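Chemist: would you be able to build a 3D model of this:
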Amino acid sequence: MRRLILMRHGEADSAQGSQKDHDRPLTQAGIGAAVRCAQELRARGFSPDLILCSDALRATMTMQAVIRGGNFTGIPSKELSLLYLAEPDILRLRCCEVDTSVATLLVIGHNPGWSDLASQLCGLPLSLGTAQAALLEHSDSEWIPALHAHWHLKALIP
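Modeler: Modelled structure (predicted):
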């Protein structure tokens with residue numbers, strides 16, 4: 001069984017002055033929403049074995065809030081520049097590179113790529129809001145074949 005959690009970052013502040021999009025932080029509401037999403041993930045039994053995250057500030061702040069909120073301390077995590085505003089094909093390729101020992105993968109990043117990949121995998125039109133996660137499941141024991149097949153949408157959180 002493979003579980004994939006595609007989570008969009010929490011609500012971010014608007015860019016200030018010459019601030020780059022990459023450097024926008026989360027709002028307090030965005031932090032709170034990410035914590036609540038993580039608590040719901042934990043309550044539903046979705047505990048990641050690995051967390052991959054865009055290296056944009058709003059995504060890394062979301063990841064930290066998720067780790068705190070879900071008590072996911074000690075779970076390996078990686079910040080990857082290639083996940084910043086990544087297209088679905090890049091996301092799929094990165095997920096295919098994950099070791100088979102990882103049964104549940106959490107990937108935190110940005111739209112439209114996250115919504116697009118979730119929609120492609122489950123065959124339903126999805127649009128993830130900020131700090132929202134699509135919980136997807138597949139019966140395959142390997143990531144590569146699973147990521148080229150149809151997934152079951154278990155839930156949208158919140």
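Chemist: next, count neighbours for Ser127.
Modeler: Other residues lying near Ser127 total 14 when counted by other Cβ atoms under 10 Å. C-beta: built from backbone N, CA, C; applies to glycine.
Chemist: was I right about it contacting Trp114?
Modeler: No: because the distance of 9.7 Å does not satisfy Cβ atoms under 8 Å, Ser127 is recorded as not touching Trp114.
Chemist: for the closest residue to Leu41 other than its chain neighbours, give its distance to Thr60.
Modeler: With Cβ to Cβ, 6 or more residues apart in numbering as the criterion, Leu41 has its nearest non-adjacent residue at 5.5 Å, and that residue is Gly70. Separation of Gly70 from Thr60 (Cβ to Cβ, to the nearest Å): 16 Å.
Chemist: neighbour count winner among those two?
Modeler: Summary of the neighbour comparison: Gly70 and Thr60, criterion other Cβ under 10 Å, with Gly70 having more neighbours (22 against 18).
Chemist: now that one: phi and psi?
Modeler: Recorded main-chain torsions at Gly70 are phi -100, psi 0, according to degrees, to the nearest 10.
Chemist: what's the pLDDT at the residue of the chain most remote from its centre?
Modeler: Largest separation from the mean C-alpha position in the chain: Gly17, at 28.6 Å (Cα atoms, centre = their mean). On the pLDDT scale, Gly17 is placed at 87.
Chemist: ok, now how distant is it from Leu147?
Modeler: With distances taken as Cβ to Cβ, Gly17 is found 40 Å from Leu147.
Chemist: tell me the buried residues in stretch 105-119?
Modeler: Using 16 or more other Cβ atoms under 10 Å as the burial criterion, the residues of stretch 105-119 that qualify are 105-110, 113-119.
Chemist: ok, stretch 40-48 next?
Modeler: When burial is assessed from 16+ other Cβ under 10 Å, stretch 40-48 yields the following buried residues: Glu40, Leu41, Phe46, Ser47, Pro48.
Chemist: and if you look at stretch 3-15?
Modeler: By 16+ other Cβ under 10 Å, the buried positions in stretch 3-15 come out as Arg3, Leu4, Ile5, Leu6, Met7, Arg8, His9, Gly10, Glu11, Ala12.
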